[in-house]
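Asker: Here is my input, please return the structure:
(5 chains, ligands or ions: 4)
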Amino acid sequence: MDTTGRPNPLFRNLSAKIAAIPMIVTALVVFVGGTVWTVIYSFTSSKLLPRKLFEWTDLFNIGDWSLSVPTGIVWKSFVGLQQYERLWGTNRWIVSIENLLIYGLCSLVLSFVIGFILAALLDQKIRFENTFRTIILYPFALSFIVTGLVWQWLLNPDFGIQSVIRGMGWVGFTFDPLYNASIVIYGVLIAGLWQGTGLIMVLMLAGLRGIDQEIWKAARVDGIPAWKTYLFIVIPMMRPVFITTLVIIASGIVRIYDLIVAQTSGGPGISSEVPAKYVYDYMFQGQNLGQGFAASTMMLLAVAIVIIPWAYLEFGSRKRG
Amino acid sequence: MTANSVEIRGLDLAFGAVEVLKDLTLEIPEGEFLVLLGASGCGKSTLLNCIAGLLDITGGQIFIKDRNVTWAEPSQRGIGMVFQSYALYPQMTVKGNLSFGLKNARIPKAEIEERVARAAGILQIEPLLDRKPAALSGGQRQRVAIGRALVRDVDVFLFDEPLSNLDAKLRADLRVEIKRLHQKLRNTMIYVTHDQIEAMTLADRIAIMRSGAIQQLGSPDEIYNRPRTKYVAEFIGSPAMNFLDGTVTERGFIAADTTIPLDGYGWADGVRQGPAWLGIRPEHVVSGELAAGKSFRQEITVELFEPMGADTLVWTTLAGQPFHFNLDGQHKVATGDRMTIGFDAARGSLFGKDTELRL
Amino acid sequence: MTANSVEIRGLDLAFGAVEVLKDLTLEIPEGEFLVLLGASGCGKSTLLNCIAGLLDITGGQIFIKDRNVTWAEPSQRGIGMVFQSYALYPQMTVKGNLSFGLKNARIPKAEIEERVARAAGILQIEPLLDRKPAALSGGQRQRVAIGRALVRDVDVFLFDEPLSNLDAKLRADLRVEIKRLHQKLRNTMIYVTHDQIEAMTLADRIAIMRSGAIQQLGSPDEIYNRPRTKYVAEFIGSPAMNFLDGTVTERGFIAADTTIPLDGYGWADGVRQGPAWLGIRPEHVVSGELAAGKSFRQEITVELFEPMGADTLVWTTLAGQPFHFNLDGQHKVATGDRMTIGFDAARGSLFGKDTELRL
Amino acid sequence: MAGADAVASRLEGPQGPKPRKRFSRRNIFIYGTLGLVALYYALPLYVMIVTSLKGMPEIRLGNIFAPPVEITFQPWVKAWSEACTGLNCEGLSRGFWNSVRITVPSVFLSIAIASVNGYALANWKFKGAEAFFTILIFGAFIPYQVMLYPIVIILREIGLYGSLWGLVIVHSIFGMPILTLLFRNYFSSLPEELFKAARVDGARFWGIYFQIMLPMSLPIFVVAMIIQVTGIWNDFLFGVVYTKPDTYPMTVQLNNIVNSVQGVKEYNVNMAATILTGLVPLTIYFVSGKLFVRGIAAGAVKG
Amino acid sequence: ADLEVTHWWTSGGEAAAVAKFAEAFNASTDNTWVDGAIAGSGGTARPIIVSRIIGGDPMGAFQFNHGRQAEELIEAGLLRDMTAVAEAEGWTDIVNPPSLLDACTVDGKIYCAPVNIHSWQWLWLSNGAFEKAGLEVPTTWDEFVAAGPALREAGIQPLALGGQPWQSAGLFNVLIVALAGPDVFQAVYGDHDTDLAAGDVMARVFNAAADAREMADGSSVQDWNQATNMVITDAAGGQVMGDWAQGEFAVAGETAGEDYSCLPGLGVNEVISTGGDAFYFPVVDDPEITAAQDELAKVLLSPETQVSFNLAKGSLPIRGDVDLATANDCMKKGLEILAAGNTLPDVNMLNTEDTNNQLNDLFVEFFNDKSITPEAAQERFVSIIENAD
Ligand SMILES: Nc1ncnc2c1ncn2[C@@H]1O[C@H](COP(=O)(O)OP(=O)(O)OP(=O)(O)O)[C@@H](O)[C@H]1O
Ligand SMILES: Nc1ncnc2c1ncn2[C@@H]1O[C@H](COP(=O)(O)OP(=O)(O)OP(=O)(O)O)[C@@H](O)[C@H]1O
Ligand SMILES: [Mg+2]
Ligand SMILES: [Mg+2]
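Answerer: Ligands and ions are numbered 1, 2, ... in the order given. Alright, predicted model coming up:
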């Protein structure tokens, strides 16, 4: 085959490659680099500062030149799996993971369910759609710090909802999720959903608007009730929306930190601790970076196991769109 | 008194301030195949949706099998509908698509099976029952969409441009299938299209719509041969009718320096002189020796020709106006050829220039 | 040796593991109107995209005007392309759309003005120059899309189903316009469609493609009358060709109890006996008195008929197999009518059952 | 044909538009549910506003839902211009312009980078692009805290630590995964033929981006802007770690007001500060609410 | 030069105290104090401080709890050796107790400037609450425990305890000092004596902690000063909290002895720990800043600022040669104990932050979860001590 004039494949799409440099650099240097860095330092006993894992020793100094050839290494602060052993022996870490699982599962399911139901309701050609949408969306403008604060207050048994309802004569009424270790995570959930479902609803609403109107008509002619149409026909058709939403919700869950700090500080006791807070507290409060890194590594590992194969299937194999 | 299958009385429909259907009345006898034809945006789909109960009408009444269904739910009207985009449920198998409506009506399982099998048999989609729509070709999808209406044992089938997303060959095949289906089932069918071949071949009667009203309702033959308005005449026939701009006088139809005799023309309402259009269908024009027998003859020059397999379409100028006609068989022509053509204006149509109505 | 305008040598194209074009070779002389025809998914658009340089080919070479453009940028190839979906830039006016390519080529302003004006003149879109695409009708949009190729003064026009989004009437009109344009400009044009009427009317030569390869390349006449494979025969002609399943013997073609004489058939490679298909075009079948002159005659029963305006398509059974044919004019028939039909097998085509090649 | 009397009798049946009951069960359900939901969402805002208008003695009385007996704007004044952080008693106003200075370039740069990435991924696929994109999606899940020190080191190495641009880069990096996903999906939902047409017309990578894609994608840019403005405006961690006191954003001030505890928390000031801080993103929502939905609907979430 | 100072003193009293430093610094030198306050706690401020330092753009000075927190920064050579200033000013002579300066000393060099003394070992009691319940105000921990049920009867929360982890750990550490004595405290935390940690003496402390847990049951506040507020408003009988609590009493206009009582060492063992805050000075290139750092160090320890600062902050000065005539009763008690030399080092000086953090986790869990037996808690306690370094 004649290959006259065939350009170097490296230079095909050159502009695209140049334009993607920020992404490539971010992906490699920050995300991969940062992750590798984190993993490496999780094997050290770093405390306040990252400590070197090892150092090269230079046995040969050649001639007068100060040219040294590294020929061996000296372990400096390598502690093997010690940080991990400690991590998994720590009650708080176990509790954090349990909490993340409970919170994550509930938050994921409820975000989808509430977000979708609200979107479906708003999609009924109702009046004041704009008003309702704005009311539901506005909490997204407030940071988690503020969200936590407001809900901490509303859920405070002494002057929040509980006291108000008791004040109305319902003396036995108890609603103090933030002060009850067994349900505190649900108290956090109430606030988390309040802040986040608006965005989910808007995404879903947009997805619903993209559904072919004829599908609705077909279902009506078939005599299928609206809820069934949603459940069996529309939802399966909204897969792409659900995927974008899933990434947004799931990444929010894994990283949850501010909300907990603002609302419960992990309390009562350690009953609302979460992994990201464990990481933060050990790295900066406890000045044990190694431990924090070990915990981060476990989180990243879990995420990687789920995300990488999934994302590659989802985004990699497809031709276009 | 025969029962009307579908009867529409004084139907009005407006979207807000936009009136889309205006006082439309239509009676469709049992078992008729009615085609709604018209330009884009004239309200065909809207009318179908009103019959199906998918749109809330603004005024008037709708009867199906003599039952007033004006306010009935779509699923209660005894209608089945097939959509242009198929509107199949993408994540269900073909079988699921066919049986979903029945399951909702709480029909016993055994009967569902039976009905699905029967519909699949009629439409020859048995081997596809376990596939999902994504794995079907366009024609197969459309068949499933028809099947979905079929299983529901409805009185009236509504089709909204069911074939317009398909390619020509498939369209032809499915057209025949729908025709056969109608002959077998003898249901009432209302079929929207803007393809006149479909309209001509399928319809018992055609309703030509224009901006929300019916311009002419009649058999394909009537519509083809005696279009009531210029709009109808333009709309029906492929290649399209030629329109010559001229004047009706007692000597005949005069366009520029050409006079075309109108002997034997079936006047709708007595001879009417004045400015008019003369419409001549390309296939009514003959050439060569055959032209000899025609009341009007003229020699013309071939300007452009389009061989279409079975015949050739020739473009020329007549009375200073563009004119085209069919040449039978695979007539060999070349640009610049001269030939004599002829036609009988009696087979054509005259439309007044003011009203655009048939004279 | 006349210069070839476009020359494709051993073109291969694969999407990952899927080979879409396989060792495709094609030479298109200067000024030819070539139509690519084929079923959906056979690779027509892919081939066009390869020629335009919008897809990176896997193997082979492409020459335009004897220049190897295999690796050239699309804009460097001297081609213009018109897409099925028009692909107008929605935010630019018609004028902006037309001049975008010229501005990219850094052509002086005055010349841009001039070229745009000329193209607009040719396509009669002068009054639209300041509108945005959203404010145009389908036909107007398509004209702008053509204009975008026109202004660039290219050697080769590539059309990818330019008319398939339009309705029948518009399609017919624009088809004529494209034909006129070609007659005026005499550029090389490569035109993808799966509408055979377009193919027949527009093409100097037609290339019938099937799964990434060219099955037959020839003039419309050749393709219509002497299809090289059953696939080609099926593809061309509307209504579609009839295929009778039977055997070629020395007595003629035998299907069930019917014998059809093959006298005068132009064998491709000497008489070949064995199982075969006999293809007969519906328009080659005559009825009534005319049948008398044909080498094969039979009385049949009308099972279904489709009046198509100019003629009527009749469905019947011949030798136990479905068979359809055209009845001239507006012949009145009814289901159940009996009539005699006849045809000359010599005008038909025989295909071997094993190879599906013309015998 | 139906007889005349039959016609007459028919006219008595249902006719004209189907009567719609205002209080049909469906409407009661829809508006009832939405009403309750709106209550849940609006209640905190109500409490925030009411509280911010009360004086501390009134707050101590307890009922957080009661409207203020005596409306005072003192908390607002205090939150805006008097609340102290350490020695600076200028309230939120001190950080406001810093926030603006941080948010504007960060939003701009992050959207610029992500949209170009999304465009390259959607229209100019090259080998390995998916792998990088997958890593990027993975990056969306990395807790910010974990990256604090590595980023400090990176910024130090490129000499941007402590400068405004360092912070802008950090925001761009962390906004990249979600925004790139958003833009990639949006651009791939645009008709591919447009892109091809532009290539035939001789436009190159940037030409197509600026002249074809950008003008068609304004809605998705609004979506991205809303997400970024909210995120960056509300950011505390990066804002405080990667800047200096004289460039601290408003959220540092807010944090200081909210987290400085003295006896009883000054809830009214906290609430006023909270609302004031949220005002900028809120304004952007109200202004662009409609575009928000339309933007996503135009394909932002496909794929 | 402009000297940026980072600290987390943002509450009213704290800010007022810091202002004294700033005023003195601005007035007595040509430099300007640029305030970099971050509200929250060390947990919020620490990553900011460390980031700034390793990012190569350090502030001029920053506040840490003195103790082992800064060890690594010193080892890494990122903090300035202030020995020269200390010698010139004679810090070794004036700082009392000397252990404060020891905490700043690594390899014989002084790296920080201590500014105050805070002690943990105080039980604050609400006289009003006991009156309401018809009880005498207790004078020892045991009396206090005995009064618990009666207080509860009267609808009063016996012991107020905030939800933050460090409060729980603090309470426990106070119990060790008070019930097991300073020596045990020193041995367990300072020398990591695991036998002792597992022994009976500590078991008694754990049982006492279980009592405390019983009394704290139902306390639903988060912040320490909200807990203090319960004592102030007579909603709670008492609180174990450091001396900074009296700032709250003062703000509320309460008088020691009349409205509230304070029991140093829980009335059992009258000793106080000498924790506190110190300022550190990162290494910088700019000689002007270096000079400003030196001057700040001087100002911080000067007698006038020591008085004004500590009065505002409610802590004890680090030099014995200043006069705090205006101090209140409780503060005076503290000064007396200090003068008597009944001091012990703070946990921050004995334990790394990591160990403290683990202890925080253990105790916050223990105090909030009654299903953890004292024995089980002690077991975990021993293993933390064992692994501490
Ligand atoms: N929901 C709606 N709101 C406002 N106007 C509408 C709506 N739906 C349709 N229309 C208008 O009503 C008219 C008739 O629409 P309809 O869909 O019935 O046309 P059609 O005859 O089916 O056309 P086509 O052949 O293009 O399908 C059009 O002018 C259209 O713009
Ligand atoms: N990007 C792609 N990745 C993988 N396969 C592709 C891609 N594009 C096209 N194909 C496949 O290549 C084959 C040829 O496609 P092409 O678009 O050329 O068909 P076509 O002949 O133009 O069909 P149509 O008439 O429907 O436009 C099809 O089977 C299609 O599935
Ligand atoms: Mg329609
Ligand atoms: Mg194609």
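
Asker: Please spell out which residues along stretch A:88-105 are buried.
Answerer: Neighbour counts over stretch A:88-105 (16 or more other Cβ atoms under 10 Å in any protein chain shown) mark A:90, A:92, A:93, A:95, A:96, A:97, A:99, A:100, A:103, A:104 as buried. Yep, even glycine has a C-beta here, placed from its N, CA and C like the rest.

Asker: Thought residue A:273 was touching the fourth one, still the case?
Answerer: Yes: contact between residue A:95 and residue A:273 holds when scored by Cβ atoms under 8 Å: they sit 5.5 Å apart.

Asker: ok, back up a step: and which of the buried residues of stretch A:88-105 is nearest to chain E?
Answerer: The closest of those to chain E turns out to be residue A:92 (Cβ to the nearest Cβ; 4.9 Å).

Asker: could you point out which element follows the host helix or strand of the closest one?
Answerer: Per DSSP states H and E: residue A:92 is located in helix A:91-122. Going down the chain from helix A:91-122, the next helix or strand is helix A:129-137, by DSSP H and E.

Asker: tilt between that next one and helix A:91-122?
Answerer: Here helix A:129-137 runs at an angle of 180 degrees relative to helix A:91-122 (axes from the mean of the first three to the mean of the last three Cα atoms, to 10 degrees).

Asker: Other residues contacting helix A:129-137?
Answerer: A:118, A:122, A:126, A:197-199, A:201-202, A:205, D:34, D:37-38, D:41-42, D:285-286, D:289-290, D:292-293 (Cβ atoms under 8 Å, 6 or more residues apart in numbering or on different chains).

Asker: Just the CA coordinates for the helix or strand where residue E:229 lies, please, in CSV.
Answerer: Secondary structure from DSSP H and E places residue E:229 in helix E:224-232. Included here for helix E:224-232 are C-alpha records, laid out as CSV according to Å, rounded to 0.1, in the frame of the first residue of the first chain:
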residue,chain,number,x,y,z
TRP,E,224,-18.4,23.6,75.4
ASN,E,225,-19.8,27.1,76.1
GLN,E,226,-23.3,25.9,75.5
ALA,E,227,-22.6,23.4,78.2
THR,E,228,-21.2,26.2,80.4
ASN,E,229,-24.3,28.2,79.6
MET,E,230,-26.4,25.4,81.2
VAL,E,231,-24.5,25.8,84.4
ILE,E,232,-24.9,29.6,84.2
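
Asker: Tell me if that helix is near chain D.
Answerer: Yes: with Cβ under 8 Å from any Cβ of the partner chain as the criterion, chain D is reached by helix E:224-232 at E:225, E:226, E:229.

Asker: Which neighbouring elements make contact with that helix?
Answerer: strand E:122-126, strand E:236-240, helix E:245-251 (3 or more Cβ pairs under 8 Å, 6 or more residues apart in numbering or on different chains; DSSP states H and E).

Asker: The residue of chain B at minimum distance from chain E - nearest residue in space that isn't next to it in sequence?
Answerer: Nearest residue of chain B to chain E (Cβ to the nearest Cβ) works out as residue B:91 at 47.5 Å. The shortest distance from residue B:91 to any non-neighbouring residue, by Cβ to Cβ, 6 or more residues apart in numbering or on different chains, is to residue A:236 (3.9 Å).
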